[in-house]
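Student: Structure here, sequence nowhere to be found:
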């Protein structure tokens, strides 16, 4: 069998430490084609930290299921649309992020919070409850095709290449959403711009710095060493702090930042209590990475400036549309290293992502070579 | 020596488990009398959870210092004012809370955030840096007199008795401040009132429920058992949830509360991850108790609804003034059990506070009997 009955992707078969990045071609059945579905021939898929967590079962999900094809920063061309789809036609260049479905009926969906819908289905590793009563396990974008509900498919502006756009679909909107939701609307007298901190310069930080700058914020980047300082400035940072090189760094920013977006992916050796001191009274710290261990934080840290710590998950449809508009208007681009997709390419990409050996995202490309003869 | 050179109070001498609540009369030197100081003859001091934490050194402060007189919910009469004091005159009935001083010059003080001033001095257990270069350890309100900077002294409205007002000076403003700062200003279409949760019905909860109600919020109270349900309703609660009596309680409130004020004083057996599910997307959880152990919370809990967890410390001068106005307008009153002050009375009060054996605050009264012959 072949498309449209089966899809094919590079799957992880065993998440153990020795084999988590070893993928093999794997044929799988996509969900049944429904009226709102869009089939996409994938041309680029960039590698998100979630791909690494999921391939290695780092989050220890009780329902983790292998073989699993990961990947949720997908750009491709529409090849088929369901009867109810009005926004897309075959040939359109489109993107898909980490969410593939929601009920679109509950109060969360109705208030542009479909990312928090209890029935959301992630692009990979989730379970579709189909209209015919069946269920289908979702597989991601290291594949020849994707089948996605049209509300979660987005037009890619012609100004962006596939690889410049792909990381925006997860890393981009994941940093954009908490910024537009939490940048203060009113500023104290005398303060001209909101002050935003971005912790960590990896795939998420690379996007977050650009959005904060494009949204008019005075932007401070925190990184352990000064190695990435020049890149941070190129991305739009006004200030750069190398936390491991300056013991007293917090004194420079104490009580000064309105909002900090933390892209760190680990809670290990992470001095949250000190970081929180950088916030203004009532300021907010938002985690967008999803570390594998719980946070431990002293109640006193919140008392010192009435600050808040929170999290954020992806971004909504309306935020995705607004984000691509801003990217075009302000020249925001994802920076990627390209690797042609293959079993070897995926392995290399996943391992470079885990080890932070990229500037600042790996994009898997050349899907026509790995999947010849597609429609 | 006697007043105004020395004050006298009931002090804890040894914070160990066997002796933390055993107090003895103790003479101490107050700070030097400066131009902005107000001397107060104390008539009532109610007992705050902080008194218990401090008497037993539960927070394990490295600079804890004994003998220590605790108490920071003070009502009394002005007996003397410094040369720069314009708002008070001898005979005025006034109150003092947990803050006795701040620099009043920094950007925090200038923006009505003097409670977060790095130079703040707490009413007891702090250190004054005096104008003459000396330092003085601060002692609290289980005493004959208090000497406090006039910015931290407040007129008590005639509508309130001493005991009805005293708990407002700490428990009151500590719950009032995070409410007025965090109740959402805009509501989704169709929602008539902000929805606020109050976790715990003790001294703080007793005040918080009344403020939430007085501020026009739909108020839900969370308590372990239904024992306090009738009191919660009398205080203004619209809804009451007994979390230990209904395993599925969270389903009733999931994604529904805009703000939760948590008055719990311990992190033990406290299922924060479940509570956070009660918040709307972007909703806020504010801790006003100060547990002795750190919080542990899963990063996933914040991802499920982009909620925030924070803390809050006391309340500002302008909030204190606004709070007393609201109390008069809406009939808010602290509920107290009264105990005449004495070594035995303090011991009983501290132990009842620790064991939650009061409705819902203990007020130490009859100071004239314990401290005869005052000016």
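Tutor: On my side now, so go ahead. This is a predicted model, so every value here is computed, not measured.
Student: Please make it C-alpha for all contacts and neighbour counts, starting now.
Tutor: Noted.
Student: check contacts around the residue in the stretch 1-150 of chain A positioned nearest to chain B.
Tutor: Of all residues in the stretch 1-150 of chain A, the one sitting closest to chain B is residue A:116 (5.9 Å; C-alpha to the nearest C-alpha). Taking C-alpha atoms under 8 Å, 6 or more residues apart in numbering or on different chains as the contact definition, residue A:116 lies against A:108-109, A:313, B:281, B:304-305.
Student: Of the residues you listed, which belong to strands?
Tutor: residue B:281 (DSSP state E).
Student: Among the contacts of residue A:116, which one sits closest to residue B:234?
Tutor: Residue B:234 lies nearest to residue B:281 out of those, by C-alpha to C-alpha, at 30.1 Å.
Student: where does residue A:267 land on pLDDT?
Tutor: With respect to pLDDT, residue A:267 scores 68.
Student: residues from chain A in reach of chain B?
Tutor: A:113, A:116, A:281, A:287, A:290-291, A:293-300, A:302-313 (C-alpha under 8 Å from any C-alpha of the partner chain).
Student: Quick check: chain neighbours aside, which residue is closest to residue A:228?
Tutor: Residue nearest to residue A:228 in three dimensions, not counting chain neighbours: residue A:201, with 7.5 Å by C-alpha to C-alpha, 6 or more residues apart in numbering or on different chains.
Student: Now do the one you found: how many residues are near it, please.
Tutor: For residue A:201, the neighbour count with other C-alpha atoms under 10 Å in any protein chain shown is 25.
Student: Does it lie in a helix or a strand, and which?
Tutor: Using DSSP states H and E, residue A:201 falls within no helix or strand.
Student: you'd agree it is up against residue A:223?
Tutor: Yes: with contact defined as C-alpha atoms under 8 Å, residue A:201 reaches residue A:223; the gap is 6.5 Å.
Student: related to what we said a few turns ago, which one of the contacts of residue A:116 is nearest residue A:174?
Tutor: Nearest to residue A:174 among these is residue A:313, at 6.4 Å by C-alpha to C-alpha.
Student: Do I have it right that residue A:316 meets residue A:113?
Tutor: Yes: taking contacts as C-alpha under 8 Å, residue A:316 lies within contact range of residue A:113: 6.2 Å.
Student: Pick out whichever of those two has more residues nearby.
Tutor: residue A:316 (22 against 19).
Student: Now do that one against residue A:208, distance only.
Tutor: 16 Å (C-alpha to C-alpha, to the nearest Å).
Student: in chain A, which helix or strand is least confident?
Tutor: strand A:295-297 (a mean of 77; mean pLDDT, DSSP states H and E).
Student: Where does the prediction get shaky in the stretch 101-250 of chain A?
Tutor: The stretch 101-250 of chain A contains no residues with pLDDT under 70.
Student: give me that answer again for 90
Tutor: Counting by pLDDT under 90, the stretch 101-250 of chain A has low-confidence residues at A:189-190.
Student: Please enumerate the strands of it.
Tutor: Assigned by DSSP state E, counting those that start in this stretch, the stretch 101-250 of chain A shows strands spanning A:121-122, A:127-129, A:135-137, A:145-149, A:153-155, A:195-199, A:218-223, A:239-242.
Student: Show me what the least confident helix or strand of chain A pairs with in its sheet, parallel or antiparallel.
Tutor: strand B:295-297 (antiparallel) (DSSP bridges).
Student: Just the residues contacting the partner strand, thanks.
Tutor: A:294-299, B:267, B:272-273.
Student: tell me which of those is nearest to residue B:361?
Tutor: Nearest to residue B:361 among those, with distances taken as C-alpha to C-alpha, is residue B:267, at 21.4 Å.
Student: who are the neighbours in contact with residue A:264?
Tutor: Neighbour list for residue A:264: A:199-200, A:287-289, A:291 [criterion: C-alpha under 8 Å, 6+ apart].
Student: one more time with 6 Å
Tutor: By C-alpha atoms under 6 Å, 6 or more residues apart in numbering or on different chains, residue A:264 lies in contact with A:200, A:289.
Student: Quick check: it is in a helix.
Tutor: No: looking at residue A:264 with DSSP: H, G, I helix; E, B strand; the rest coil, it is coil, so not inside a helix.
Student: So what does it look like in phi/psi?
Tutor: Backbone torsions of residue A:264, given as degrees, to the nearest 10, read phi -60, psi 140.
Student: what's the answer for the one 10 residues further on, then?
Tutor: Note on residue A:274: its backbone torsions stand at phi -70, psi -40 [degrees, to the nearest 10].
Student: That one: neighbouring residues, count only.
Tutor: 12.
Student: pLDDT score for it?
Tutor: 92.
Student: Over to residue A:293?
Tutor: 79.
Student: how about the helices in chain A?
Tutor: Counting by DSSP state H, one finds helices in chain A at the ranges A:49-55, A:107-110, A:162-165, A:171-182, A:203-214, A:229-235, A:249-253, A:272-276, A:299-303, A:317-330, A:343-354, A:367-370.
Student: ok now the first one, how far from the chain's centre?
Tutor: In other words, helix A:49-55. 11 Å (C-alpha atoms, centre = their mean, to the nearest Å).
Student: for the fourth one, same thing?
Tutor: Between the mean C-alpha point of helix A:171-182 and the mean C-alpha point of its chain there is a distance of 10 Å (C-alpha atoms, centre = their mean).
Student: any idea of the angle that helix forms with strand A:195-199?
Tutor: 150 degrees (axes from the mean of the first three to the mean of the last three C-alpha atoms, to 10 degrees).
Student: hmm, who's touching helix A:171-182?
Tutor: A:204, A:207-208, A:314-315.
Student: Repeat that for the last one.
Tutor: Here helix A:367-370 makes contact (C-alpha under 6 Å, 6+ apart) with residue A:43.
Student: Now that helix: buried residues?
Tutor: Across helix A:367-370, burial judged by 16 or more other C-alpha atoms under 10 Å in any protein chain shown covers A:367, A:370.
Student: State the mean pLDDT of that helix.
Tutor: Helix A:367-370 shows a mean pLDDT of 98 in the predicted model.
Student: Which among the contacts of strand B:295-297 count as buried?
Tutor: Buried among those by 16+ other C-alpha under 10 Å: A:294-299, B:267, B:272.
Student: Identify, from those, the entry nearest to residue B:327.
Tutor: residue A:299 (29.0 Å).
Student: how far away is the closest one from residue B:208?
Tutor: To residue B:208, residue A:299 is 19 Å away according to C-alpha to C-alpha.
Student: now swap in residue A:372 and tell me
Tutor: Between residue A:372 and residue B:208 the computed distance is 66 Å (C-alpha to C-alpha).
Student: now do residue A:203
Tutor: 43 Å.
Student: Likewise for residue A:50?
Tutor: 41 Å.
Student: higher neighbour count, these two?
Tutor: residue B:208 (34 against 22).
Student: how about that one, what does it touch?
Tutor: Taking C-alpha under 6 Å, 6+ apart, we find residue B:208 in contact with residue B:175.
Student: do that again at 10 Å, thanks
Tutor: Residues in contact with residue B:208 (C-alpha atoms under 10 Å, 6 or more residues apart in numbering or on different chains) are B:171-179, B:196-202, B:214, B:219, B:221, B:235-236, B:261-263.
Student: and chain A, what are its domains?
Tutor: Taking automatic domain parsing as the reference, chain A has its domains at A:7-170+A:316-370, A:173-311.
Student: burial count for the nearest residue to residue A:360 once chain neighbours are set aside?
Tutor: Leaving aside its chain neighbours, residue A:360 sits nearest to residue A:203 (4.9 Å; criterion: C-alpha to C-alpha, 6+ apart). Residue A:203 is flanked by 27 other residues according to other C-alpha under 10 Å.
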